[in-house]
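> After the sequence you'll find the predicted model.
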Amino acid sequence: MDLDRTLYDLTSDYPELIDILFELGFMGVKNPVMRESHGRQMTVRAGCGHLGIDLGEVKASLEAKGFKVKA
């Protein structure tokens, strides 16, 4: 999984990411309108910077859930 892909693309390919990312602090990811609009431009990496979320924690959490993360 490439953390430089958009949230829209990632959640389209892996719908289970919606709940995971929400738990990590990406609150807008559960809103379909936000995912459709902002999610088409925002990446996980950029979202971490914007929201003040530690990218390393996100990567570790995703890997703990079985994702292979390319960051």
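Cool, the structure landed.
> drop to CA atoms for contacts and neighbour counts, all remaining ones
OK.
> And the helices in the chain?
Per DSSP state H, the chain has helices spanning 7-13, 17-23, 32-37, 44-51, 55-64. These are given in chain order.
> Find the nearest non-adjacent residue to residue 22, please.
residue 29 (6.2 Å; C-alpha to C-alpha, 6 or more residues apart in numbering).
> Check the one you found and give its pLDDT.
You'll see residue 29 listed with a pLDDT of 95.
> Wait, it touches residue 18, no?
Yes: counting by C-alpha atoms under 8 Å, residue 29 touches residue 18, with 6.0 Å between them.
> ok now do the residue positioned nearest the centre of the chain, which residues does it touch?
Nearest residue to the geometric centre of the chain (C-alpha atoms, centre = their mean): residue 44, 4.4 Å. Residue 44 is in contact with 3, 4, 5, 6, 7, counting by C-alpha atoms under 8 Å, 6 or more residues apart in numbering.
> now with 10 Å?
Shown in contact with residue 44 (C-alpha atoms under 10 Å, 6 or more residues apart in numbering): 2-7, 10, 21, 26, 50, 53, 55, 58-59, 71.
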